[in-house]
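Chemist: Below are the sequence and a predicted model; questions follow.
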Amino acid sequence: MTSAAPAVGVFALQGDVREHLQTLTALGADAFAVRRPAELDRCDGLVLPGGESTTMAKLARTFELLDPLRKRVAEGMPAFGTCAGMILLADRIVDGAVGQETIGGLDVTVRRNAFGRQVDSFEADLPFRGLADTVHAVFIRAPWVEHAGPDVEVLAEAEGHPVAVRQGHLLATSFHPEVDGDGRVHRLFLEMLQR
Ligand SMILES: NC(=O)CC[C@H](N)C(=O)O
């Protein structure tokens, strides 16, 4: 990094927080856990990890983070959601829990647990737009993008459905680049912070 390390929070009320913190730190970011609004205030950008999206939304509501998160994302703070994090960034959910809330911002409809129970978890090497080599993608009860609005750029697909998307300051993957990944997708996100 040429300038000061960007302050990148990882939503840490639930989910695979540690893997993201390690990946971001290895790439030179000032990475820290976000559990309170004051920690969110420090963020130049935010990662929403994998986990369980209904639980994450409920906890965010309980800990009075949901509305501050919506506000920061709506104001343009870069955010990167992986798996459950993608669901949290989506404007619309298919097969969500009744009344399931999201942060929103990404003009997509995501289908939860889309790849079906028989393949709850799988791995694939996927071409990824903007990256020279394929990305090793680990899917764990993953969503896919069922419908994407006109401003959404599809970066990767699996089984004919978008599994990595970008829209302006928002990046989301159905899979877990923080697990078994090489940091290239996180680096892409850190580049979005420099703009
Ligand atoms: N690995 C994951 O993040 C799974 C997401 C989970 N199926 C959900 O709906 O929240």
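Modeler: Thanks, I have the structure now.

Chemist: okay, CA-based contacts and neighbour counts for the rest of this
Modeler: Fine.

Chemist: All the helices of the chain, residue numbers only.
Modeler: Along the chain, the stretches classed as helices by DSSP state H are 17-26, 37-41, 53-62, 66-75, 84-89, 184-193.

Chemist: Indicate which one of those helices is closest to residue 163.
Modeler: Closest to residue 163 of those, according to CA to CA: helix 84-89, at 9.4 Å.

Chemist: so which of the helices of the chain is the most packed in?
Modeler: A comparison of the helices of the chain by mean neighbour count, using mean count of other CA atoms under 10 Å, puts helix 84-89 on top with a mean of 31.

Chemist: Quick one: the strands in the protein, in order.
Modeler: Using DSSP state E, the strands of the chain run over 7-11, 30-34, 45-48, 79-82, 90-94, 106-111, 121-126, 135-140, 144-148, 153-158, 161-167, 170-173.

Chemist: closest to residue 98 out of the helices of the chain?
Modeler: Evaluated with CA to CA, the helices of the chain place helix 53-62 nearest to residue 98, the distance being 9.5 Å.

Chemist: what's the residue nearest the centre of the chain in contact with, if anything?
Modeler: A centroid search over the chain (CA atoms, centre = their mean) returns residue 81, at 0.6 Å, as the residue closest to the centre. By CA atoms under 8 Å, 6 or more residues apart in numbering, the contact list for residue 81 reads 47-50, 87-89, 171-173.

Chemist: What about those residues, which one has the most neighbours?
Modeler: The most crowded member of the contacts of residue 81, judged by other CA atoms under 10 Å, is residue 87 (37 neighbours).

Chemist: Could you verify my assumption that that one touches residue 107?
Modeler: No. Under the criterion of CA atoms under 8 Å, residue 87 is not in contact with residue 107, lying 11.4 Å apart.

Chemist: which residues touch residue 192?
Modeler: Residue 192 neighbours (CA under 8 Å, 6+ apart): 78, 169.

Chemist: State the distance from it to residue 79.
Modeler: Between residue 192 and residue 79 the computed distance is 9 Å (CA to CA, to the nearest Å).

Chemist: what do those two both touch?
Modeler: Overlap of the contact sets of residue 192 and residue 79 (by CA under 8 Å, 6+ apart) consists of residue 169.

Chemist: any weak-confidence spans in this structure?
Modeler: For the chain, the stretches flagged by pLDDT under 70 are 1-3, 117-119, 195.

Chemist: Fine, thanks again, bye for now.
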